[in-house]
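Peer 1: can you look at this prediction? I've put the sequence above it.
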Amino acid sequence: MKILVTGSNGFIGKNLIESLSRIENVEVFTFDKTSSVEKLEKDVVGIDFIFHLAGINRPQDPKEFYEGNYGFTEKLIQIVKKSGKNIPILMTSSTQVERDNDYGKSKLAGEDILKSYADETGAAIFIYRLPNVFGKWSKPNYNTVIATWCYNISRDIPLQINDPSVVLDLVYIDDVVESFVKHLDNPVTNLDCKVGVTYHKSLGEISDLLYAFKESRETLITPRVGGGFERALYGTYLSFLPTDSFSYEIKGYQDERGTFYEVLKTLDSGQFSISTTAPGITRGNHYHNTKNEKFLVIKGEASIKLRQIHGDEVIEYNVSDKKMEVVEMIPGYTHDITNTGDTEMVLLIWANEVFDRDNPDTYFLEV
């Protein structure tokens, strides 16, 4: 299948082309503001589907809205009709068509041109009136407020928020692209296409989350970023980090036994830490009433011992980096870990709760 993407160098275009590049037997042809009309006329002849994403968002002169959003759509349709092929066309419009502004009017005029093409030829068309789209490769001060805020916060530039209660309708770029691509297998006209998931978030909610992402490098507390809007926003925020800020240093504790570093803390599923231990050194000799931990030796070798605090039986596990074996620290069992090797031992630790110095649930008792 041969596919043409107009506006191919834009935010949505780049993400769409990335997705199309992973589909077998698909060849993508591109058109952007640097391309010639002659190239477009040549490419259209062999095209099986068109994603018409090209448009004008923020011109210096309002006339450019009509030239880019209406005028170019009209030119594209003329070229398609001249080719003699009734090519399915998906077009990105905007929810702004419902408002009395030049951008909305120009997009609505583009929709009308596309509808006339479908009525005349019987070709399948798809119209997406997109709300605010956010995601990687968007441009600050151009595509969305989220792009601008991700850029600013990641560079310590203050935000200007006039009314934090204002709610935005938002769609994530991956969801947009997924919705677009589905039409390749089902070319049936739809004049009111919807992206699968739309988020409704206030400016205050968005800014609070973005600042929490930034502060997580200091607090080590990460918000819930495993799904939904938080996952999408976190991925977007990270894509705006300056290239010299991909890494950050964490602070640790060091004594004669070795080192201890807290790596990541969650809101409701505990924390991850790493410790190093010198040869022959024993750590622990304590128990927890409710708190539980998982130990994984990722370098070296160790003996892990546990004893029920009311009993005498000692349970021992000899572990090493030769076998990735997790040992559970059970509530009510005092436990220790000894480096039994000749080199430094490195231990990965997960605890089910974030360490609370005022209520550590940790009590000394030798195994």
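Peer 2: Done, it's in.
Peer 1: how far does stretch 78-85 sit from the chain's center?
Peer 2: 39 Å (Cα atoms, centre = their mean, to the nearest Å).
Peer 1: residues in contact with it?
Peer 2: With Cβ atoms under 8 Å, 6 or more residues apart in numbering as the test, stretch 78-85 has contacts from 37, 40-41, 44-45, 47, 50, 87, 89, 117, 120-121. C-betas here are computed from N, CA, C, even on glycine.
Peer 1: try it again at 7 Å.
Peer 2: Residues from elsewhere that reach stretch 78-85 (Cβ atoms under 7 Å, 6 or more residues apart in numbering): 40-41, 44-45, 87, 121.
Peer 1: again, but for stretch 354-367
Peer 2: Counting by Cβ under 7 Å, 6+ apart, residues outside stretch 354-367 touching it are 265, 270-271, 285-291, 305, 307, 309, 314, 334-336.
Peer 1: switch the cut-off to 10 Å
Peer 2: 220-221, 262, 265-271, 273, 282, 284-292, 304-307, 309, 314-316, 331, 333-338, 351, 353 (Cβ atoms under 10 Å, 6 or more residues apart in numbering).
Peer 1: list the buried residues for that stretch?
Peer 2: For stretch 354-367, a neighbour-count test (16 or more other Cβ atoms under 10 Å) marks 361, 367 as buried.
Peer 1: and stretch 1-9, by the same measure?
Peer 2: Across stretch 1-9, burial judged by 16+ other Cβ under 10 Å covers 2-9.
Peer 1: repeat for stretch 241-260
Peer 2: Those would be 241, 258, 260, for stretch 241-260 by 16+ other Cβ under 10 Å.
Peer 1: now those residues in TSV, with pLDDT and secondary structure?
Peer 2: Shown next, in TSV, are these (pLDDT from 0 to 100; DSSP: H, G, I helix; E, B strand; the rest coil):
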residue	pLDDT	secondary structure
241	98	coil
258	96	strand
260	97	strand
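Peer 1: which of the contacts of stretch 354-367 fall within strands?
Peer 2: Cross-referencing the contacts of stretch 354-367 against strands under DSSP state E gives 221, 262, 265-266, 271, 273, 282, 284-287, 304-307, 314-316, 333-338, 351.
Peer 1: what subset of these is buried?
Peer 2: So, by 16+ other Cβ under 10 Å, the buried ones in these are 262, 265-266, 271, 273, 282, 284, 286-287, 304-307, 333-338, 351.
Peer 1: now, which of the buried residues of stretch 241-260 sits nearest residue 104?
Peer 2: residue 241 (33.9 Å; Cβ to Cβ).
Peer 1: surely that closest one meets residue 155?
Peer 2: Yes: assessed by Cβ atoms under 10 Å, residue 241 is found in contact with residue 155 at 9.1 Å.
Peer 1: how long is stretch 340-356 end to end?
Peer 2: 30 Å (Cα to Cα, to the nearest Å).
Peer 1: and it, which residues are buried?
Peer 2: 340-341, 345-353.
Peer 1: can I get those in a markdown table with distance to residue 30 and pLDDT?
Peer 2: A markdown table is the format used below for these (distance: Cβ to Cβ, whole Å; pLDDT from 0 to 100):
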| residue | distance to residue 30 | pLDDT |
| --- | --- | --- |
| 340 | 61 | 98 |
| 341 | 57 | 97 |
| 345 | 54 | 98 |
| 346 | 49 | 98 |
| 347 | 51 | 98 |
| 348 | 46 | 98 |
| 349 | 50 | 98 |
| 350 | 47 | 98 |
| 351 | 51 | 98 |
| 352 | 50 | 97 |
| 353 | 52 | 96 |
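Peer 1: of those residues, which pair is most distant in space?
Peer 2: By the measure Cβ to Cβ, 341 and 353 form the most distant pair in the buried residues of stretch 340-356, at 30.1 Å.
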